[in-house]
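Asker: Please work out how this folds:
(4 chains)
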There are 2 protein chains.
Amino acid sequence: MTDINKQHPGDDEIRQAIELLFFAYRDFVADPDKVLADYESPNGSLGRAHHRVIHFVGRNPGMTVAELLSILQITKQSLARVLRQLIDEGFIEQERGPEDARQRLLYLTAKGEAFETALSNPQRARFRRLFEKAGPEASRSFLALLFELINEDERDRVLSLIGRKPHAAS
Amino acid sequence: MTDINKQHPGDDEIRQAIELLFFAYRDFVADPDKVLADYESPNGSLGRAHHRVIHFVGRNPGMTVAELLSILQITKQSLARVLRQLIDEGFIEQERGPEDARQRLLYLTAKGEAFETALSNPQRARFRRLFEKAGPEASRSFLALLFELINEDERDRVLSLIGRKPHAAS
DNA sequence: TAAACTAAGTCAACATGACTGACATAAATA
DNA sequence: TATTTATGTCAGTCATGTTGACTTAGTTTA
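Answerer: As a prediction, this is how the structure comes out:
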């Protein structure tokens, strides 16, 4: 396909992988950044931090604040400002935990869902093009390797978050 | 909510890809972050920005400031602070351009090389383990797909960056 | 050669999103 | 009842990005 995959995996591939991951991630997050920059909110603008919160709350409706913190791996003080903005502007709503009333279960509002869609559309389109071009086998292999790139002690938690095992036999 | 109905074939993989890329990148950059946090410098601490500069100067010895800016896609004012620190602490040295004396060609010092190695060691180890486990075919496929993830109009430039051995004037 | 352009550096002000530490409140639990 | 837990908040700091204006030195061009 390109001349980056001519050689066998070695030090050169490893170096290329490090750089390709940097560039791929840079372009991957630049897409929603544009959407965020276009949105003008009354209480200040929205950034990547808001996107991440909207994404994970959308994927895990009813999740607690503590769960969100452990996914994002940031402090609660960092999350607080972002979450407050999203609640104040009606993207996210909180509900008292039915079993444990200390908990605040997080949900996207309809407005939040719509914004999530707008944010993830370009990212979905990017992967859709990629997977169509690469074919199912290479695509599944890609997911499996991305998964193996994650810290070993985090993989179980990630698995339960994203759903079915990415390297499952088909 | 995770493994109920797929809307279209591939949508589930696309969503997983988005989340896996987030987690993989998060853990991937956390490795050098620890090394950076351990280093105590006199003129303030070092962060990811310093790592990126050290990485690309190490990969492209003799590159100009303008070239570095176009790779990092940040403003020169942002780069200035980071670069000044790295020069003041002896990680990077500048040389007058032999053809164009306005240019400042950037090189890692021995100290800079050593630090680059320390920073990239955990990342290299992560990919080495990955590629050994996945095998050559899946590894090459992984690199090719990472490459395809990059913006189309950036690929030529990235290719010339990651593919070339020494830095050559274009 | 003088004027214009270019590469790099600098000063100032500001925004975002992280951080630490301390403390408050309400609810669950030992 | 006493303690622990889940969440929220106040205050300050740091790292890293931004814009805009300006300087200096060296190259190019009219």
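Asker: and the helix ranked longest in chain A, anywhere near DNA strand D?
Answerer: Taking DSSP state H as the assignment, the helix of chain A that covers the most residues is helix A:11-38. No. Remark: helix A:11-38 sits outside contact range of DNA strand D, by Cβ under 7 Å from any atom of the strand, the gap being at least 10.1 Å. Placement of C-beta: from N, CA and C, glycine included.
Asker: So for that helix, mean pLDDT?
Answerer: Across helix A:11-38, the average pLDDT comes to 91.
Asker: And it, what does it pack against?
Answerer: helix A:48-59, helix A:110-134, helix B:11-38, helix B:48-59, helix B:110-149, helix B:155-163 (3 or more Cβ pairs under 8 Å, 6 or more residues apart in numbering or on different chains; DSSP states H and E).
Asker: please redo it, this time with the cut-off set to 10 Å
Answerer: On a contact count with 3 or more Cβ pairs under 10 Å, 6 or more residues apart in numbering or on different chains; DSSP states H and E, helix A:11-38 meets helix A:48-59, helix A:110-134, helix A:136-149, helix B:11-38, helix B:48-59, helix B:65-72, helix B:110-149, helix B:155-163.
Asker: With mean neighbour count as extra columns, can I get these in JSON lines?
Answerer: Formatted as JSON lines, the helices and strands packed on helix A:11-38 follow (neighbours: other Cβ atoms under 10 Å in any protein chain shown):
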{"stretch": "helix A:48-59", "mean neighbour count": "20"}
{"stretch": "helix A:110-134", "mean neighbour count": "17"}
{"stretch": "helix A:136-149", "mean neighbour count": "21"}
{"stretch": "helix B:11-38", "mean neighbour count": "18"}
{"stretch": "helix B:48-59", "mean neighbour count": "20"}
{"stretch": "helix B:65-72", "mean neighbour count": "16"}
{"stretch": "helix B:110-149", "mean neighbour count": "18"}
{"stretch": "helix B:155-163", "mean neighbour count": "16"}
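Asker: Out of those, which gets the lowest mean score?
Answerer: Looking at the helices and strands packed on helix A:11-38, the weakest mean confidence is helix B:155-163, a mean of 87.
Asker: Is any residue of that one near chain A?
Answerer: Yes. With Cβ under 10 Å from any Cβ of the partner chain as the criterion, chain A is reached by helix B:155-163 at B:Arg155, B:Arg157, B:Val158, B:Leu159, B:Leu161, B:Ile162, B:Gly163.
Asker: got the contact list for the third one?
Answerer: Read it as B:Val158. A:4, A:16, A:19-20, A:22-24, A:26-27, B:71, B:147, B:150-151 (Cβ atoms under 10 Å, 6 or more residues apart in numbering or on different chains).
Asker: now those as JSON lines including distance to B:Gly97?
Answerer: Compiled in JSON lines, the contacts of B:Val158 are given as follows (distance: Cβ to Cβ, whole Å):
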{"residue": "A:Ile4", "distance to B:Gly97": "30"}
{"residue": "A:Gln16", "distance to B:Gly97": "28"}
{"residue": "A:Glu19", "distance to B:Gly97": "25"}
{"residue": "A:Leu20", "distance to B:Gly97": "29"}
{"residue": "A:Phe22", "distance to B:Gly97": "27"}
{"residue": "A:Phe23", "distance to B:Gly97": "26"}
{"residue": "A:Ala24", "distance to B:Gly97": "32"}
{"residue": "A:Arg26", "distance to B:Gly97": "28"}
{"residue": "A:Asp27", "distance to B:Gly97": "30"}
{"residue": "B:Ile71", "distance to B:Gly97": "18"}
{"residue": "B:Phe147", "distance to B:Gly97": "31"}
{"residue": "B:Ile150", "distance to B:Gly97": "29"}
{"residue": "B:Asn151", "distance to B:Gly97": "30"}
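Asker: Which of these sits closest to A:Ala80?
Answerer: Nearest to A:Ala80 among the contacts of B:Val158: A:Arg26, at 28.0 Å, using Cβ to Cβ.
Asker: Once you drop chain neighbours, what's closest to the closest one?
Answerer: B:Gln73 (7.3 Å; Cβ to Cβ, 6 or more residues apart in numbering or on different chains).
Asker: Phi first, then psi, for that neighbour.
Answerer: Phi and psi for B:Gln73, reported as degrees, to the nearest 10, are phi 50, psi 50.
Asker: check contacts around the closest residue to A:Glu19 other than its chain neighbours.
Answerer: Spatial nearest neighbour of A:Glu19, chain neighbours left out: B:Ile162 (4.7 Å); criterion: Cβ to Cβ, 6+ apart. Neighbouring residues of B:Ile162 by Cβ under 10 Å, 6+ apart: A:4, A:12, A:15-20, A:22-23, B:59, B:143, B:147.
Asker: Can you tell me which of those is nearest DNA strand C?
Answerer: Distances from DNA strand C to the contacts of B:Ile162, taken as Cβ to the nearest atom of the strand, are shortest for B:Arg59 (16.9 Å).
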